[in-house]
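> Below are the sequence and a predicted model for it; my questions follow.
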Amino acid sequence: MNTSLTFEVLLYLNSYYFGLFAVCEIGMNVVKYMNFPDLKHFSTDFGILMAVCVIELFRVILARKGNLTERKWPVLVAIFLTIPSLAGVLYFMIWQSHALRFEYIICGIQVGLQFVEIVTGILCLLPFCKTPEYY
Amino acid sequence: MYYASELIPAKFLVLVAHFTICVLLLWNSPQSVKACLTQEASEEVFRIHHTQLVVGLSVSVGMICFELFIFLIGLTMFHPTSALLSIGCHASACFLLSYIVLDGWQCGWFWWIFTFGSVVPILNDSCILVDIIINKKY
């Protein structure tokens, strides 16, 4: 199996999925702000959402560039950036003020994608998983 | 090839959207059945409709997962016609299922959505899979 290709496909699809995820989350935060006046940590929730958006954007760009140019450092940094991003998504699932069922599902899919990306990203860095080059 | 590459994320997102709405309906199935039945419906009628809806939605989720799997491993990723059919069927199913969530339609209408939104694309993908296996295109 070509791990680099799998990693690239996952990153490509995740870049689109995260766009949808971010739009849904922002929309749901707006709806919650309008319908639940007793929200205690709305600003924290929204701040974490924005931070996750920025981290995810840098992570996907770095990972795709590193993977396409076959350089290790950008992929390694992208793998480390997955940890705060994963923590942010888990925050929306578990610790935020009012988690909706829809949020549980979309966050679950995002966590699954990120987990598979970490595994394929690590496999990409290992020397025995490199595709052989024939000259 | 250019058009196919544009269809890949669209198919992925539509499949994920259909999966999400099916899981959401499955999670909230008693309320969905109550919304589609009349006030006078007995406990027995409710139980029968609830079982039918849960089975239908579970099969639908299984089909979507299978379709997503053969799409992600690349077997149906570069078939633009199949992708277009799949996008059309799943997008219509998402739209109609969201109406079921919001409005509470008749329970029997779910099976029409199930047939055209889940069975048709899986049959199409299965034909592609059989073609790949028989002609050894892998």
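Perfect, thanks for sending it.
> Just the closest residue of chain A to chain B, please.
In chain A, the residue that lies nearest chain B is residue A:16 (4.1 Å; C-beta to the nearest C-beta). C-beta coordinates here come from the backbone N, C-alpha and C atoms, glycine included.
> Give me the spatial nearest neighbour of that residue, chain neighbours excluded.
Counting by C-beta to C-beta, 6 or more residues apart in numbering or on different chains, residue A:16 lies nearest to residue B:9, which is 4.1 Å off, once chain neighbours are set aside.
> ditto for residue B:65
Using C-beta to C-beta, 6+ apart and skipping the chain neighbours, the partner closest in space to residue B:65 is residue B:19 (7.3 Å).
> cool, residue A:122 as well?
Take residue A:122 and drop its neighbours on the chain: the residue closest to it by C-beta to C-beta, 6+ apart is residue A:79, 6.6 Å away.
> For the nearest residue to residue B:116 once chain neighbours are set aside, pull up the helix or strand it's in.
Once flanking residues are discounted, residue B:116 sits nearest to residue B:89: 6.1 Å by C-beta to C-beta, 6+ apart. Using DSSP states H and E, residue B:89 sits within helix B:80-103.
> Name the residues that touch that helix?
For helix B:80-103, contacts defined as C-beta atoms under 8 Å, 6 or more residues apart in numbering or on different chains pick out B:3-4, B:7-8, B:10-11, B:14-15, B:17-18, B:21-22, B:24-25, B:28, B:32, B:36, B:64, B:67, B:76, B:105, B:109-110, B:113, B:116-118, B:120-121, B:124-125, B:128.
> May I see the buried residues of that helix?
For helix B:80-103, a neighbour-count test (16 or more other C-beta atoms under 10 Å in any protein chain shown) marks B:80, B:82-83, B:85-87, B:89-91, B:93-94, B:96-97, B:100 as buried.
> Now that helix - C-alpha only, CSV.
Written as CSV, here are the backbone C-alpha positions of helix B:80-103 (Å, rounded to 0.1, in the frame of the first residue of the first chain):
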residue,chain,number,x,y,z
PRO,B,80,-17.6,10.4,-13.0
THR,B,81,-20.9,8.9,-14.1
SER,B,82,-21.3,6.8,-11.0
ALA,B,83,-20.2,9.8,-8.9
LEU,B,84,-22.9,12.0,-10.5
LEU,B,85,-25.6,9.3,-9.9
SER,B,86,-24.5,8.8,-6.3
ILE,B,87,-24.4,12.6,-5.6
GLY,B,88,-27.9,13.1,-7.1
CYS,B,89,-29.4,10.1,-5.1
HIS,B,90,-27.7,10.9,-1.8
ALA,B,91,-28.3,14.7,-2.0
SER,B,92,-32.0,14.1,-2.7
ALA,B,93,-32.2,11.6,0.2
CYS,B,94,-30.5,14.1,2.5
PHE,B,95,-32.9,16.9,1.5
LEU,B,96,-36.0,14.6,2.0
LEU,B,97,-34.8,13.1,5.2
SER,B,98,-34.2,16.6,6.6
TYR,B,99,-37.9,17.3,5.8
ILE,B,100,-38.8,14.1,7.8
VAL,B,101,-36.8,15.5,10.8
LEU,B,102,-38.3,18.9,10.6
ASP,B,103,-41.9,18.2,9.4
